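*Asks:* Generate a structure from the sequence data that follows.
(chains A, B, C and D)
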2 protein chains.
Amino acid sequence: MEIMFPGLDADAHRRIAAVIRYPIQVDPGEHLVRSGDRFHDLYSVHDGVFKAYVDDANGREHVWGFNVQGELMGLHAITTGHYQANFVALEPSRVAAIPYSQLFTLFDQIPPLFDFLMRAASGRLGILERLSGDHAAQVRMAAFLVSLPRRFQPLAHAPDTFRLPMSRRDVANYLRLVPETVSRMFSRFVRDGLIRVDGQDVTLLKLARLEEIGKPLGEL
Amino acid sequence: MEIMFPGLDADAHRRIAAVIRYPIQVDPGEHLVRSGDRFHDLYSVHDGVFKAYVDDANGREHVWGFNVQGELMGLHAITTGHYQANFVALEPSRVAAIPYSQLFTLFDQIPPLFDFLMRAASGRLGILERLSGDHAAQVRMAAFLVSLPRRFQPLAHAPDTFRLPMSRRDVANYLRLVPETVSRMFSRFVRDGLIRVDGQDVTLLKLARLEEIGKPLGEL
DNA sequence: CGATTGGTTGACTCCAGTCAAGTGCGGTGG
DNA sequence: CCACCGCACTTGACTGGAGTCAACCAATCG
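*Replies:* Prediction:
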């Protein structure tokens, strides 16, 4: 459980446990939330992977992000009262549902909780401000790849080797590219000896060089 | 004062007034915050206009946003402890500095304050998720223009006529375009009878049509 | 007045998108 | 066991929309 709210101690986790619903199991391909659903809960991912996405007018999918262990989903829905995106599991996953209206009652008992929530929102803001800039395809790809070691630890089966839990199409829709371009970037990075690719498995061979390329975008 | 924290009542404003520093006057062209400065305060704009921007590696400016009356600045800095952007005034402006560390102490006295802050962060998240999508130049321009009536009310000198407080270059850097493209879009919209332009003054002639064009992006 | 600055317009380029064909892997069933 | 199918991915040829470069214009300011 500790791992669900990084930075909060065991006592805080115990107190939070009293108000959340956990575990909620979600199978791959199953939706936790549909766009337009009424907002009641924030969700914290315990394990597995989720994809947040919207379908735009011309039928294309905009992937808002991927969420793994310890990350919060649903912050964007507070203002409007409705989720604006779909959350679908890409792996067998477990989440905790945190009733937003009950968070207030915990502030007295858990002083760092407010800061935890603001940090979660704040961190995402920083990422989005940068991701919304215009960056070359290879910059986007490189920044995405270097973010994997930090976030997708549970999917690593060797240092710097990860199984991508999402399709090329999902990656493309997250980075605002088309699958063909993602494919070309993979090919280019392989040709240049920066990565090794074997189906869903990706190995980062020259992390420093990738960081260099992805620098304009920073951490995703 | 009420107008600084939209949604909070007079009593809440009085209590907040006890912890904030106000007014802080900022002249046009003067910086309130520099990128890298240590984060202590959130800023609420009382009047005037601010531009938040960063300079990227190749010397180009990324405008993160424009902030007017009642809007909060600095939320992105909570996680890192440092502001990641510069805040510069475009008009004679006044802001309030809100010490982040003291906000906690107000939650008991002002129950809706937490929700107010989360909504501010949440609303911005929604905008950014959408703005980070890939949209045609004319979609970006149209969405930007239709957002003016709602946000830049104080700069209107007739219904649907506004003085843009920022340069074409600033608009371009906000919408991830180049000034030439912004110029071309203005020209096209004028040719199509959607807007009238006179220097910094813009009149929206066919709001419905502009909303239609900007729909994929939604509200900015 | 000239010099500077912000904005507009036109000609050209280039990167990523589009369209289409080809490849390879996993699953199914004969 | 293998032939077939479907789907995800890859690769190549072409296109188009926004960026680049450059010239021009208008307003402002010494």
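*Asks:* where exactly do the helices run in chain A?
*Replies:* Here chain A has its helices, by DSSP state H, at A:10-17, A:77-80, A:100-103, A:112-131, A:137-151, A:168-175, A:179-191, A:207-214.
*Asks:* TSV please, covering those and showing distance to B:Phe152 and mean neighbour count.
*Replies:* All C-beta spots, glycine's among them, are computed from the backbone N, C-alpha and C. Converted to TSV, the helices of chain A look like this (distance: least, CB to CB, whole Å; neighbours: other CB atoms under 10 Å in any protein chain shown):
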stretch	distance to B:Phe152	mean neighbour count
helix A:10-17	41	15
helix A:77-80	20	20
helix A:100-103	31	15
helix A:112-131	21	20
helix A:137-151	32	20
helix A:168-175	32	21
helix A:179-191	37	16
helix A:207-214	36	16
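*Asks:* Just tell me which of the ones you listed ends up closest to B:Arg38.
*Replies:* Comparison of the helices of chain A against B:Arg38 by CB to CB identifies helix A:112-131 as nearest, at 15.0 Å.
*Asks:* coming back round to it: can I get the helices of chain A in a markdown table with distance to A:His40?
*Replies:* As requested, the helices of chain A are arranged in a markdown table below (distance: least, CB to CB, whole Å):
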| stretch | distance to A:His40 |
| --- | --- |
| helix A:10-17 | 16 |
| helix A:77-80 | 9 |
| helix A:100-103 | 7 |
| helix A:112-131 | 16 |
| helix A:137-151 | 27 |
| helix A:168-175 | 27 |
| helix A:179-191 | 35 |
| helix A:207-214 | 37 |
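*Asks:* Turn those helices into CSV, columns for mean pLDDT and distance to B:Pro179.
*Replies:* Below are these laid out as CSV (pLDDT from 0 to 100; distance: least, CB to CB, whole Å):
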stretch, mean pLDDT, distance to B:Pro179
helix A:10-17, 93, 50
helix A:77-80, 93, 32
helix A:100-103, 93, 42
helix A:112-131, 91, 21
helix A:137-151, 93, 22
helix A:168-175, 96, 26
helix A:179-191, 96, 27
helix A:207-214, 95, 27
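*Asks:* Need those helices in JSON lines (columns: distance to chain B).
*Replies:* Shown next, in JSON lines, are the helices of chain A (distance: least, CB to the nearest CB, whole Å):
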{"stretch": "helix A:10-17", "distance to chain B": "15"}
{"stretch": "helix A:77-80", "distance to chain B": "4"}
{"stretch": "helix A:100-103", "distance to chain B": "8"}
{"stretch": "helix A:112-131", "distance to chain B": "4"}
{"stretch": "helix A:137-151", "distance to chain B": "10"}
{"stretch": "helix A:168-175", "distance to chain B": "10"}
{"stretch": "helix A:179-191", "distance to chain B": "11"}
{"stretch": "helix A:207-214", "distance to chain B": "11"}
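*Asks:* Run through the residues that contact A:Ala156.
*Replies:* Neighbour list for A:Ala156: A:149, A:162 [criterion: CB atoms under 8 Å, 6 or more residues apart in numbering or on different chains].
*Asks:* again, only this time at 6 Å
*Replies:* Contact partners of A:Ala156, counting by CB atoms under 6 Å, 6 or more residues apart in numbering or on different chains, are A:Phe162.
*Asks:* Bridged to it, which residues?
*Replies:* Under DSSP bridges, the beta-bridge partners of A:Ala156 are A:Phe162.
*Asks:* What separation is there between A:Phe66 and DNA strand D?
*Replies:* In this view, A:Phe66 and DNA strand D are 14 Å apart by CB to the nearest atom of the strand, to the nearest Å.
*Asks:* Once you drop chain neighbours, what's closest to the residue of chain A positioned farthest from its centre?
*Replies:* Here the centre of chain A is the reference, and by CA atoms, centre = their mean the most remote residue is A:Asp108, at 29.6 Å. Leaving aside its sequence neighbours, A:Asp108 sits nearest to B:Asp108 (CB to CB, 6 or more residues apart in numbering or on different chains; 7.9 Å).
*Asks:* repeat for A:Phe104
*Replies:* That would be B:Phe114: by CB to CB, 6+ apart, it lies 6.1 Å from A:Phe104.
*Asks:* what number of residues lie near the residue lying closest to A:Gly126 once chain neighbours are set aside?
*Replies:* In space, and not counting its chain neighbours, A:Gly126 is closest to B:His76: 4.7 Å by CB to CB, 6+ apart. Per other CB atoms under 10 Å in any protein chain shown, the neighbour tally for B:His76 reads 27.
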